[in-house]
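Visitor: coordinates only, sequence not included:
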C-alpha cells in the first residue's frame, strides 16, 4: 500500500494535499516504514469536528452556516458516498477534506496522496488536454514519461484519446468532465475525493467510471463520492447524509421503503441495476478494460444500498 | 522537476492562457493606436476650454499612458479572476501558493511588456517630431503597465468579478492618465499620489528633455514595489491561491 507523509489541515490553516511532499520524484510513493500508524486499516483521511460558515466582508452579503461538526473517516479500499440536499454543504465538505478550503473549526488528517475531482472542472480553458496533464503532473511530481503513460491509460479507459491536443474550452461538457476526473487520477492517489464526477458522462463512460472505481478500491484506494443519483447508492460501502451541517451514517432506508430496483430521477425504475460488493468483497478486478459492471452484490452491502422509492435529488 | 519545473510550467500555462486567444491578441494590437488616437481627438476638443492647456504631444502622451494602464489593468483583472479557482486546484495538486502567484505575476508582467511595446510603437509613430529618449520612454510605459497590472490583480482579487473589476480599472486609468498631464490648474496634493503620477513624469521627461529625474524613477519603482507587496497580501488574504 503506498504511503505518504501525513498532512493535516486544521482551522486557521490551509494546506494542499496532493503535492510533491507526498511523493518522491517520478511519482513513486515513499515507504510505509516511515508511517507505522498507516497499517492499511486505519483511515487514510479523517475529519473531525468540521465547522464552516460562509461570511463576507461585504455587509449586505448573507452569512451561511454550512458545516456544524461534521466528521468522516475513510479507510483504504473503502467506497463512501456522501449525499445531501442541494446546498447542504457537500462540496464545501469535500473542499475542506482536500485542503482547498480551510474550516472554521475542526481538523483533517490525511495519510496519503489525494486526488480531487471538483464538481465544476477547474481547468485552464486555453490549454490542451495534454498541456493540462503536464501542468498538473508537475505539481504531483511526476516525470514527463509517467504523465504520458498515465494520460494514455486514462484516455483509453475513459475514452478521450481523440482529444489530447484539443483545448479544454473546445471540448464537450462530458469530455471536459473526463479530463477533470483524469487530473484527479493522474498520480494514482491513495485517496480519491470526487464531487459528482460523472456529470455529463454518456452511459458507456458512466459504466467505465464505475468499473474503474471498483478496480481502484480493490487496489486499496479510498474513495469518497458525492452523488445525487439514487441508483448509485447500492454501489457504496457506506453512505453518509449531510444534513444540518452534520454527516450521519445513512442506512439508505430513508422512509423505510426499499427495493431492489433503482429509481430514476423521474421516478421510473431500472430493474436489476448493477451493484457493487463491499470492500472486503472486492478482491479481484471487475474485468480490466471490460466496462461491463459486475452483477449483483453481497448481502452486507445490499443492506446499505436500499433506497427509498420516490426520493430523488440526492 | 521540483520548483523550477513547476514555476516554468505555471508561467508557460499563464502565457498560453493570455496569448492563445486570437481575439485577445488582436485587441492588444489594435487598441493602443485606437485609444491614443481617440484620446488625442478628445483632448483637442477639451483643450479649447479656457484655462486648460493640452498640446498635441501632451494629448498623445496621455493617450499612451491610458492605453498602457487600462490594458495592463484589464490583463491583471482577468488573469486573477478568470484563473483563481484553477490556480487553487494547482495548489491542491502540489504547487506552492507562492509559485502560482509569482507565475501569474510573471505572465502578467510579460503581457504588460508587450502592451507597453505596442503602445510605444504607436506613440512614436504619431507624436510630432523626434522623441529624444525612446528607451527611457519605454521604461516609463513599462512602469505604468506594471503599476496598473498590479492594481488589476488587487482589484480583481477584492471584487472577484471581471465586469466590475474592469469598470473600476478603466475609470481609474482614465482619470489618472488625464490628471497626469497637469492639464487642469489645481493644487490638490492627492494628485501627487495617483498611480500614474511618477510614471507620467518619467514619460514626459523622456519624450521632451531626454533625461529623467532619479527621484521620479525611485518613486515610480517604489510604487510598483508597494503594489507588488499589496497584491501578494490581497491574494493571500482572499485565500483563493493559498
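Guide: That came in fine, so what should we check first? Keep in mind it's a predicted model, so treat the numbers as computed, not measured.

Visitor: which SS state does the residue of chain B found nearest chain A fall under?
Guide: Using Cβ to the nearest Cβ, the closest approach of chain B to chain A is made by residue B:94 at 3.0 Å. The C-beta positions use only the backbone N, C-alpha and C, and glycine is treated the same way. Following DSSP: H, G, I helix; E, B strand; the rest coil, residue B:94 is assigned to coil.

Visitor: I'd guessed it sits against residue A:140; true?
Guide: Yes: Residue B:94 lies in contact with residue A:140 (Cβ atoms under 8 Å); the separation is 5.4 Å.

Visitor: part of a helix, is residue A:192?
Guide: No: applying three-state DSSP, one finds residue A:192 to be strand, outside a helix.

Visitor: for it, what are its contacts?
Guide: A:114, A:115, A:117, A:184, A:185, A:213, A:216, A:221, A:222, A:223, A:224 (Cβ atoms under 8 Å, 6 or more residues apart in numbering or on different chains).

Visitor: any idea how far chain B is from the second one?
Guide: From residue A:115 over to chain B the distance is 9 Å, taken as Cβ to the nearest Cβ, to the nearest Å.

Visitor: which residues touch that residue?
Guide: Applying Cβ under 8 Å, 6+ apart, the residues contacting residue A:115 are A:18, A:184, A:185, A:186, A:187, A:189, A:191, A:192, A:193.

Visitor: switch the cut-off to 10 Å
Guide: By Cβ atoms under 10 Å, 6 or more residues apart in numbering or on different chains, the contact set of residue A:115 is A:17-18, A:98, A:140, A:181-194, A:216, A:221, A:223, B:92-93.

Visitor: Which residues outside stretch B:181-193 are in contact with it?
Guide: Contacts of stretch B:181-193 with the rest of the structure, by Cβ under 10 Å, 6+ apart, involve B:43, B:46-47, B:49, B:51-55, B:58-59, B:61-62, B:65, B:175-176, B:178-180, B:194, B:196-198, B:200-201, B:204, B:219, B:223.

Visitor: That one: end-to-end distance?
Guide: End-to-end distance for stretch B:181-193, by Cα to Cα, to the nearest Å: 14 Å.

Visitor: try stretch B:173-187
Guide: One end of stretch B:173-187 to the other measures 20 Å (Cα to Cα).

Visitor: If we go by neighbour counts, what in it is buried?
Guide: Within stretch B:173-187, the residues that count as buried by 16 or more other Cβ atoms under 10 Å in any protein chain shown are B:173, B:176, B:177, B:178, B:179, B:180, B:181, B:182, B:183.

Visitor: Which pair of those residues spans the longest distance?
Guide: Comparing every pair within the buried residues of stretch B:173-187 by Cβ to Cβ identifies B:173 and B:182 as the most remote, at 17.0 Å.

Visitor: for chain A, what helix or strand is lowest in average pLDDT?
Guide: Across the helices and strands of chain A, mean confidence by mean pLDDT, DSSP states H and E is lowest for helix A:299-304: a mean of 29.

Visitor: got a pLDDT number for the spatially closest residue to residue A:134 that is not a sequence neighbour?
Guide: Nearest residue to residue A:134 in three dimensions, chain neighbours excluded: residue A:147, at 5.8 Å (Cβ to Cβ, 6 or more residues apart in numbering or on different chains). Predicted confidence (pLDDT) for residue A:147: 96.

Visitor: ditto for residue A:309
Guide: We have a pLDDT of 27 for residue A:309.

Visitor: Can you name the residues that contact the spatially most central residue of chain B?
Guide: Nearest residue to the geometric centre of chain B (Cα atoms, centre = their mean): residue B:145, 2.5 Å. Contact partners of residue B:145, counting by Cβ under 10 Å, 6+ apart, are B:65, B:67-69, B:71-73, B:75-76, B:108-109, B:111-117, B:119, B:199, B:224.
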